[in-house]
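> After the sequence you'll find the predicted model.
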Amino acid sequence: MDWINIIIQGILVGGLYALFATGLSLIFGVMRLVNIAHGDLIVASAYLAYGVMQLTGVGPLTSLIAVIPLAALFGYLLQLLVLNRTLDKDILPPLLVTFGLSIIIQNGLLEIFSANSHKLNLGSFEIESIHLMPGVDIGYFPLLTFAVAVAVVFGLQQLFYHSAIGRAFRAVSDDPEVAQLMGLNNRTVYASAMALCLAVVAVAGVFMAIRANFDPSMGPGRLIFGFEAVIIGGLGNLWGTLAGGVILGVAQALGAQIDPGWQLLSGHIVFLLILAVKPQGLFPKGAA
Amino acid sequence: MKEAGALRPRNDPMALLDLDNLNKRYGALTVTDDLSLSVEAGEIVGILGPNGAGKTTLFNLVAGTVKPNSGTVTFDGRDVTRDGAAQRCRAGISRSFQVPQPFNGMTVFENVLVGATFGRAAPDAGEFAMQALEKSGLARKANMLAGSLPLLDRKRLELARALATEPRLLLLDEIAGGLTDSECHELLDVLRAVHASGVTMVWIEHVVHALLSVAQRLVVVNFGRKIADGLPDEVMASREVRSVYLGDDAHG
């Protein structure tokens, strides 16, 4: 029963990793931009939620009503005013600029909130669970996290394949020059994609901050988890990204069982193995 | 002060499209050299010229994907020289590509729907996209992936996608190239129908007989310059055109 429990907990944590990863996948799919600051944006969203909660006294999930639109607006402006200028044939400028952004966010958060860690409190919901069978208890909160991840992936998938803005994303991704000749303004399409990415980042940040302590230096670690989930699942495939997150979560849970120090390592090892055997990821697909 | 129009060969700001002394250089290479051209609403203008004459660049300048070093592009009485491709598309300029460039990961219908949604103002995108597919003879293949189409259908898709943006000016870049005679006839019928619905056309084509069967005016371009502009018969009969474009020996 132990192993079943471990695998189930790993799967549920995988939902959180998928939340880290979907934004990355989306942005890379639409504009071939690798956002090094992605993890720091997740952490910044957690602090934004913390700030909103301090100011208004609402709970972390309610704070999302304010945090999601604020993050999306920030994403829209970030893309329109900064990142659009870096997009060209050369992939280096966006890497350097987002790397710089990552440093700025980390130090900015350190300056404002100090290095002390915080946590967003959800009360008793955090520790309540369903008793499935002896030795297997499923926590409400991990279950909610996973359900939200599935809902986010499902929602994005619907948006991509059944809406005008989704078709715009796919058209711009396929051929930016022709897309303009179809009346699409690539700059605002990119900005919309980044807004959507940051909306998902906001959700990821809040769920991360409810699950465990966070501090300004945590961003790069979340970025790595996100990258690994995206690449395991196959670039440009959102359901694949969810599967990638789950595989990473299970690998870490199993590794931790062998030795607590092996938790992160086993995740990385599984990632490397998959990269070596299937460089395209497990579920490769055209740009989504 | 600007000089009066004496030095300008043709400059008609009332035309649907008016190019005035356009220049485009890439480093030392001049690909468009002081080119002026007017297209009246309702015309079908054919453009001929040897490879590398600057025909496709001319289309890029009109569609807005390339900006001129100097000169102006006027569309429907408005200076659009500074406008981007998306703005010009919404203003009514649309182009097809010599090598079809569909969005491969999308269905035929979705390809056309993008133009119908974002290239025009009216809200009936779905219906309009379907009409564009019907006009181009692609309605039956609406749900196929664009990447899986054979050449004729890709050419049709180029046309359908251009039509879906509800153009007033349609720029066709070698749309008949690579087609068999019967395929070419089908395409010509489609183009005639599109023209009859009130769309002005400028058509670059190497398949001369196809071009001559619909063009009302012929323009010949070489080294980025306009070397002839007139009725098709007259232009084809001109010695300069025969020597430059058709490669005939001027003395033969």
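Happy to help now that I have it. Numbering: from 1, shown residues only, chains lettered A, B, ... in the order given.
> residues from the stretch 51-200 of chain A in reach of chain B?
Contact residues, the stretch 51-200 of chain A versus chain B (C-beta under 8 Å from any C-beta of the partner chain): A:164, A:167-168, A:170-171, A:174-175, A:177-186. (C-beta placed from N, C-alpha, C; glycine too.)
> buried subset of those?
A:167-168, A:170-171, A:174-175, A:178-186 (16 or more other C-beta atoms under 10 Å in any protein chain shown).
> Whichever residue of the stretch 101-250 of chain A sits closest to chain B: what's it in contact with?
Closest approach between the stretch 101-250 of chain A and chain B, counting by C-beta to the nearest C-beta: A:Gly183, at 3.3 Å. Taking C-beta atoms under 8 Å, 6 or more residues apart in numbering or on different chains, we find A:Gly183 in contact with B:Ala86, B:Cys89, B:Arg90, B:Gly115, B:Phe118, B:Gly119, B:Arg120, B:Thr165.
> let's go with 7 Å and repeat that
B:Ala86, B:Cys89, B:Arg90, B:Gly115, B:Phe118, B:Gly119, B:Thr165 (C-beta atoms under 7 Å, 6 or more residues apart in numbering or on different chains).
> Just the buried ones from those residues, in PyMOL syntax?
Entered in PyMOL, the line below selects the buried ones among the contacts of A:Gly183, by 16+ other C-beta under 10 Å:
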select buried, chain B and resi 86+89+90+115+118+119+165
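> how about the contacts of A:Gly183 in CSV, adding pLDDT?
As requested, these are exported to CSV (pLDDT from 0 to 100):
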residue, pLDDT
B:Ala86, 94
B:Cys89, 95
B:Arg90, 93
B:Gly115, 94
B:Phe118, 93
B:Gly119, 92
B:Thr165, 94
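> check the contacts of A:Gly183 against chain A, which are close?
With C-beta under 7 Å from any C-beta of the partner chain as the criterion, these include B:Ala86, B:Cys89, B:Arg90, B:Gly115, B:Phe118, B:Gly119, B:Thr165 near chain A.
> What segments of chain A are strands?
Counting by DSSP state E, the segments of chain A that form strands are A:129-133, A:136-139.
> What pairs with the last one, parallel or antiparallel?
Right, the one you point to is strand A:136-139. When pairing is defined by DSSP bridges, strand A:136-139 lines up against strand A:129-133 (antiparallel).
> averaged over its residues, what pLDDT does the strand it pairs with have?
For strand A:129-133, the mean per-residue pLDDT is 88.
> starting at the chain centroid, how far to that strand?
28 Å (C-alpha atoms, centre = their mean, to the nearest Å).
> Show me what counts as buried in stretch A:115-125.
A:His118, A:Leu120, A:Leu122.
> Between the two ends of that stretch, how far is it?
Counting by C-alpha to C-alpha, to the nearest Å, you get 27 Å between the two ends of stretch A:115-125.
> Single out the most deeply packed of the strands of chain A.
Comparing these by mean neighbour count (mean count of other C-beta atoms under 10 Å in any protein chain shown), strand A:136-139 comes out on top with a mean of 16.
> now what about it, what contacts it?
Residues outside strand A:136-139 that contact it (C-beta under 7 Å, 6+ apart) are A:Met1, A:Ile4, A:Asn5, A:Ile8, A:Ser129, A:Ile130, A:His131, A:Leu132.
> try it again with 10 Å
Residues outside strand A:136-139 that contact it (C-beta atoms under 10 Å, 6 or more residues apart in numbering or on different chains) are A:1-2, A:4-9, A:11-12, A:125-132, A:145-146, A:211.
> What's the nearest residue in chain B when you look at chain A?
Residue of chain B nearest chain A, by C-beta to the nearest C-beta: B:Gly119 (3.3 Å).
> Tell me the spacing between the nearest residue to that residue once chain neighbours are set aside and B:Leu159.
Counting by C-beta to C-beta, 6 or more residues apart in numbering or on different chains, B:Gly119 lies nearest to B:Thr165, which is 2.9 Å off, once chain neighbours are set aside. Note on B:Thr165: its distance to B:Leu159, by C-beta to C-beta, to the nearest Å, is 12 Å.
> where does the chain have low pLDDT?
I went with chain A, as the question did not name one. Scanning chain A for pLDDT under 70 picks out A:1, A:286-288.
> Chain B was what I was after
For chain B, the stretches flagged by pLDDT under 70 are B:1-13, B:245-252.
> who touches residue 180 in this structure?
If you meant another chain, say so; for now it's chain A. A:171-172, A:186-187, A:189, B:63-65, B:84-89, B:118.
> I was after chain B.
Contacts of B:Thr180 by C-beta under 10 Å, 6+ apart are B:Leu151, B:Leu152, B:Glu186.
> Narrow the residues you listed to just the buried residues.
Among the contacts of B:Thr180, those classed as buried by 16+ other C-beta under 10 Å are B:Leu152.
> Need the contacts of B:Thr180 in JSON lines (columns: distance to A:Gly244).
Shown next, in JSON lines, are those (distance: C-beta to C-beta, whole Å):
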{"residue": "B:Leu151", "distance to A:Gly244": "38"}
{"residue": "B:Leu152", "distance to A:Gly244": "41"}
{"residue": "B:Glu186", "distance to A:Gly244": "47"}
